[in-house]
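1. just to be clear, the model below is a prediction. Sequence and coordinates:
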Amino acid sequence: MNRTIALAVAAVIAATPLAAQDAVRIGIAAEPYPPFASRDASGTWAGWEVDVIEAVCAAAELTCEVTPTAWDGIIPSLTGGQIDAIMASMSITEERMQTIDFTDAYYRTPAVIVADASMDIEPTPDSLAGKILGVQASTTHQSYANEYFADAEIRVYQTQDAANQDLVAGRLDAIQADSIAMSDFVGSDAGACCEIKGAVADDPAILGRGVGAGVRKGDDALREALNAGIARILEDGTHAEITERYFDTSIYAE
């Protein structure tokens, strides 16, 4: 970010009236999604995305309240006014943009196929034909699998954890999910049996253009305030510092 953009960010933050309003309710998925968001031993929500929410809100001078919301109802909760924004690893897609608006992306990672290390599986339609493939409900991964892996038996799960458990138990041949979440899974004791077989072919129309914060249509003041916060933490190194706590590599790409 150059000096002109940095000054513009500061101007947006200074001008927004949102800081004086009630707390902005930031919806995250109520289901655990480590390392992005999950409850710790004390019951407190923690993870990379929770830390980013806190940093973005601080940079935008917003008072924010993390509000766990069931994933399959998170967009209706936003449009219905139960929450004010979504920051829950939601990909920016054309389909979702028909219902809600998005900020700029605050991370981008590929979708991958994971299977038992002993299985000869590639992230292609031919390789997955006849296999049992697990995906989380109401995600870009479900949409992608329906489009590209029609010759596989697709099983849909309400949480990623449930899909992971069935993969370990041998009830699935493979799962499709986000690369970072899957890196965390296969690096754990629970996922030691499995490995990432590779990234699926990109389709931005389905998989989106990165992950952004969702806001209600027309809520430009909040969208711009969050954009300013995202830009500021990318500029001042906060985003990189948070990322280094959880990952060995950047998960943000221009």
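-> On my side now, so go ahead.
2. helices of the stretch 1-150 of the chain, residue ranges please.
-> 3-15, 48-59, 74-79, 94-97, 125-128, 140-148 (DSSP state H, counting those that start in this stretch).
3. can you pull out the low-pLDDT segments for this structure?
-> Low-confidence segments of the chain, defined by pLDDT under 70: 1-21, 253-254.
4. in it, which residue is most central in space?
-> Closest residue to the average C-alpha location of the chain: residue 89 at 1.3 Å, with CA atoms, centre = their mean.
5. what about the closest residue to residue 149 other than its chain neighbours, neighbour count?
-> Taking CB to CB, 6 or more residues apart in numbering as the measure, residue 149 lies nearest to residue 128, with 5.0 Å between them; neighbours along the chain are not counted. From N, CA and C alone the C-beta is placed, and that goes for glycine too. Counted with other CB atoms under 10 Å, residues neighbouring residue 128 total 27.
6. correct me, but residue 128 touches residue 153?
-> No: with contact defined as CB atoms under 8 Å, residue 128 and residue 153 do not form a contacting pair (9.7 Å).
7. residues contacting the closest residue to residue 159 other than its chain neighbours?
-> Beyond its immediate neighbours in the sequence, the residue positioned closest to residue 159 (CB to CB, 6+ apart) is residue 31, lying 4.2 Å away. Contacts were defined as CB atoms under 8 Å, 6 or more residues apart in numbering; by that measure residue 31 touches 70, 71, 158, 159, 160, 161.
8. drop anything exposed from those.
-> If you count burial by 16 or more other CB atoms under 10 Å, the buried members of the contacts of residue 31 come out as 71, 159, 160, 161.
9. how much space between the residue nearest to residue 149 and residue 138?
-> 21 Å (CB to CB, to the nearest Å).
10. next, the buried residues of the top helix by length along the chain.
-> Identified as the longest helix of the chain according to DSSP state H is helix 220-236. Taking 16+ other CB under 10 Å as the basis for neighbour counts, the residues of helix 220-236 that come out buried are 222-234.
11. now do the strands in the stretch 101-250 of the chain.
-> Using DSSP state E, counting those that start in this stretch, the strands assigned to the stretch 101-250 of the chain run over residues 111-116, 132-136, 153-157, 174-178, 194-199, 211-216.
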